[in-house]
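Novice: predicted model follows, preceded by the sequence.
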Amino acid sequence: MPVATRRLSRHLQHGRLQVTPTNRTTVLTQVRRIASTSSPIQVASSSYHDASPQIRVEPVRPAVTLHRPTPPSHQLPDDGHPGEQSSRASLSKSRKDRLGDARPFSDFLTDTFHRQHDYLRISVTERCNLRCVYCMPEEGVPLSPSKSLLTTPEIVMLSSLFVSQGVTKIRLTGGEPTVRRDIVPLMQQIGSLRAHGLRELCLTTNGLSLHRKLDAMVEAGLTGVNLSLDTLDPWQFQLMTRRAGFSAVQKTIDRILELNRAGAFIKLKINCVVMRGLNDREILPFVELTRDKDIEVRFIEYMPFDGNKWSKGKMFSYQEMLDVIRSRYPDLERSVGHKNDTSKTYQVPGFVGKLGFITSMTHNFCATCNRLRITSDGNLKVCLFGNAEVSVRDILRKVNQGEPIDQEAFEALRQAAADRTGVLPRGYPPQLIAANYEELLKVIGIAVKEKKAKHAGLGELEHMKNRPMILIDSSSTPSSYRHLTSRSLPSTLTSRSVPTYLLNNAYHGSNYIRLFSTAGRRLTANNDDNSPKLTHVSSTGAAHMVSISEKTPTKRLASAKCTVRFSSPLPLTLIRENQIKKGDVLGVARIAGIMAAKRTPDLIPLCHPIALTHAEVELNPTGEKEIEISATVSCDGKTGVEMEALTAASAAALTVYDMCKAVDKGMVVEGLRVVLKEGGRSGRWEEGVSTGNKDE
């Protein structure tokens, strides 16, 4: 078989040729007929649904990353695409010549351990249509203002920048990327970077709505799907995701397999986070899924992120998974993988699909990590488990006076680049039009150089502050982490306006340091003055429980009040006559308030458990339309009981509301406040009385 024919056969086997069933024989005939061509070719159909597709033959970019730190003298036409003459010239080059033209991999994306980062993950949204128990809190997470999130032109510009430096694989993540309204146009624009070196465009998804957009995404250049699915039981699915939708996910899987049979060559991987006592019994059914289907099922060790109630007892280790599988399939074999694989790959002999194990907790793969992450609010993370981030968004927006770069601003920047250079330099993607891209590269390079040899160990990770997984892809810092010093700052950055307590805990720069908070919160350097401070916020801006270990136990007392105001005299008349259908309103509300005082730590997350010595709640009808509620709570302890008094008063008021809402839907609960507190360093404080003392 001629060399070119063998090469084409390998392209077909590895998904580099795209054909449909109706044209497969014709394509192979055509491939053999033109196999004498010295350059590899790519065959693709214009549509997956055409009865008689039009065949086009296109040259494939050589599998060599050409890195040009400075623009070469050759020019592109005004539209930013190579002319026919340059295309023919590139085709005439031999493989040896092309290898001779190859440049070293970008130094900006190479860390001090010689890891070359050619894989970029971009979170395109914070939103998700599921609430998976290991990924995010049940109540969701605070969402960033839309102005804080990367726009489509900004994502494309950043993608172009990284591709120009050698990134060959981009994965779009979230949140759930398919809920982004313009996800398909975005993928089309990123897919156009294949002309500049991008080889893979992938998606991580829950699969809930992907089946509706899949065909368009494949035409845009989609090459791989990682689908998160933790159970094959529809009822268990609803428990674990807190949403229905298993049938929709199954529809997505079926559609991917159908397109693959038609020649789409989409790499399908199913990611299953294994949690002890929840879905560990489904390991074998997932293995069985690979018997007849070309799927790689990847089992992931449960990892700690904010809000997912991580505990070491829930983690089902890689070795335990292997033991379970080998009990049924003792001939399980290890497969040879790529050096940058995150998973350890296995296969049951005779099965079509494969198995993978992502072992971040017990066997890290840091030594070969080639991944960088950009969060949806524009922060660069060099490690999934690192909490140091640098804002590339803020640097990029400097060319637009700090404002988001929308499509109109993008076109203006493009025109400015054309005016500045005449035409855009050859070898650079046409979207790379930011005048300050060198500053961007410099900051990115510093962040990459600061990447550690490996992430923190299990004992540190479970106590380390990090984003919820939903806001990464996924703030104290482990002591083993080394951070940027002022000597390592680029000349364009200064630490002048950075709070001193951040100098050893974050990347530097007056505009580029951002916490992972979606609210865009910034810290201020009021550490040493006497200005008021929030007691439940740490120096890094994280909420925490105040330490009371050094306080002296004293007698503490607090009183709180509120009012329930009715819209008519009727409810109070019925209450006095005990004619409310639900029973004695005042008696039930009184008991509810006392019980609530004792359960305050269960309701208010940062309150300390306190042994109360007394709690009383009084409900006094005043006038014809209102009830005044007062609660008094006391203890002998190290912290005050204001929260217990407030909780008691509010619970009593809500009980009144619940019992009377059938006869008065216009009730108002108002005026909840502390009216008295005693004890502790601040002594006595009373509403309306000035004591001159600072409150604790």
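Specialist: The structure has been received and is ready for your questions.
Novice: gap between Cys272 and His117?
Specialist: In this structure, Cys272 lies at 27 Å from His117, with Cβ to Cβ, to the nearest Å as the measure. The way it works is simple: take the backbone N, C-alpha and C, and place the C-beta from them, glycine included.
Novice: cool, Pro621 as well?
Specialist: As judged by Cβ to Cβ, Pro621 and His117 stand 70 Å apart.
Novice: looking at the two, which has the bigger crowd around it?
Specialist: In this comparison of Pro621 against His117, neighbours counted by other Cβ atoms under 10 Å, the higher total goes to His117 at 24 against 16.
Novice: show me the contacts for that one.
Specialist: Applying Cβ atoms under 8 Å, 6 or more residues apart in numbering to His117 gives the contacts 109-111, 167, 370-372, 448.
Novice: which of those residues has the largest number of neighbours?
Specialist: Counting neighbours by other Cβ under 10 Å, Val167 comes out on top of the contacts of His117 with 26 neighbours.
Novice: pLDDT score for that residue?
Specialist: Residue-level confidence at Val167 comes out at 95, pLDDT.
Novice: ok, it to Lys381 distance?
Specialist: Going from Val167 to Lys381 by Cβ to Cβ gives 15 Å.
Novice: for Lys269, same thing?
Specialist: 22 Å.
Novice: again with Cys128
Specialist: Per Cβ to Cβ, Cys128 is found 19 Å from Lys381.
Novice: which one of those two has more residues nearby?
Specialist: Lys381 (26 against 22).
Novice: kindly list the longest helix within the protein.
Specialist: In the chain, assigned by DSSP state H, the helix with the most residues is helix 642-660.
Novice: just checking, what packs against that helix?
Specialist: Helices and strands touching helix 642-660, as assessed by 3 or more Cβ pairs under 8 Å, 6 or more residues apart in numbering; DSSP states H and E, comprise strand 554-565, helix 570-576, helix 585-598, helix 600-603, strand 612-622, strand 626-637, strand 668-678.
Novice: how about these in TSV, adding distance to Ala195?
Specialist: Formatted as TSV, the entries for the helices and strands packed on helix 642-660 read as follows, by distance: least, Cβ to Cβ, whole Å:
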stretch	distance to Ala195
strand 554-565	66
helix 570-576	73
helix 585-598	65
helix 600-603	58
strand 612-622	71
strand 626-637	69
strand 668-678	63
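Novice: mean neighbour count, these: which tops it?
Specialist: Greatest average neighbour count among the helices and strands packed on helix 642-660 goes to strand 626-637 (a mean of 22), per mean count of other Cβ atoms under 10 Å.
Novice: what average pLDDT does it get?
Specialist: For strand 626-637, mean pLDDT is 93.
Novice: change the start of the numbering to 59 and stick with it
Specialist: Sure thing, new numbering starts at 59, so read that last one as strand 684-695.
Novice: walk me through which strands it pairs with, and which way each runs.
Specialist: Each strand that strand 684-695 pairs with, and the sense of that pairing, follows from DSSP bridges: strand 612-623 (antiparallel), strand 670-680 (antiparallel).
Novice: just put the ones you listed in TSV and tack on distance to Ile311 and mean pLDDT.
Specialist: Formatted as TSV, the strands paired with strand 684-695 follow (distance: least, Cβ to Cβ, whole Å; pLDDT from 0 to 100):
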stretch	distance to Ile311	mean pLDDT
strand 612-623	54	93
strand 670-680	55	92
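Novice: after the helix or strand containing Leu230, which helix or strand is next?
Specialist: Using DSSP states H and E, Leu230 falls within strand 227-231. Using DSSP H and E, the next helix or strand after strand 227-231 towards the C-terminus is helix 241-249.
Novice: output the contacting helices and strands for that following helix.
Specialist: Packing contacts for helix 241-249, counted by 3+ Cβ pairs under 8 Å, 6+ apart, involve helix 210-222, strand 227-231, strand 258-263, helix 272-278.
Novice: quick check: mean pLDDT of it?
Specialist: For helix 241-249, the mean per-residue pLDDT is 96.
Novice: what do you get for stretch 739-749?
Specialist: 74.
Novice: just stretch 404-418 next, same as before
Specialist: According to the model, stretch 404-418 has a mean pLDDT of 93.
Novice: got the CA positions of that stretch in PDB?
Specialist: Coordinates of the C-alpha atoms in stretch 404-418 are reproduced here as PDB (Å, rounded to 0.1, in the frame of the first residue of the first chain):
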ATOM      1  CA  TYR A 404      -8.300   0.100  31.200                       C
ATOM      2  CA  GLN A 405     -10.400  -2.200  29.000                       C
ATOM      3  CA  VAL A 406     -12.200  -5.500  29.500                       C
ATOM      4  CA  PRO A 407     -11.100  -7.800  26.700                       C
ATOM      5  CA  GLY A 408     -13.700  -8.100  24.000                       C
ATOM      6  CA  PHE A 409     -15.500  -4.900  25.000                       C
ATOM      7  CA  VAL A 410     -15.800  -2.200  22.500                       C
ATOM      8  CA  GLY A 411     -15.400   0.700  24.900                       C
ATOM      9  CA  LYS A 412     -12.900   1.600  27.600                       C
ATOM     10  CA  LEU A 413     -12.700   2.500  31.200                       C
ATOM     11  CA  GLY A 414     -10.800   5.400  32.800                       C
ATOM     12  CA  PHE A 415     -10.000   6.400  36.300                       C
ATOM     13  CA  ILE A 416      -9.400  10.100  37.300                       C
ATOM     14  CA  THR A 417      -7.500   9.800  40.600                       C
ATOM     15  CA  SER A 418      -6.900  13.400  41.700                       C
END
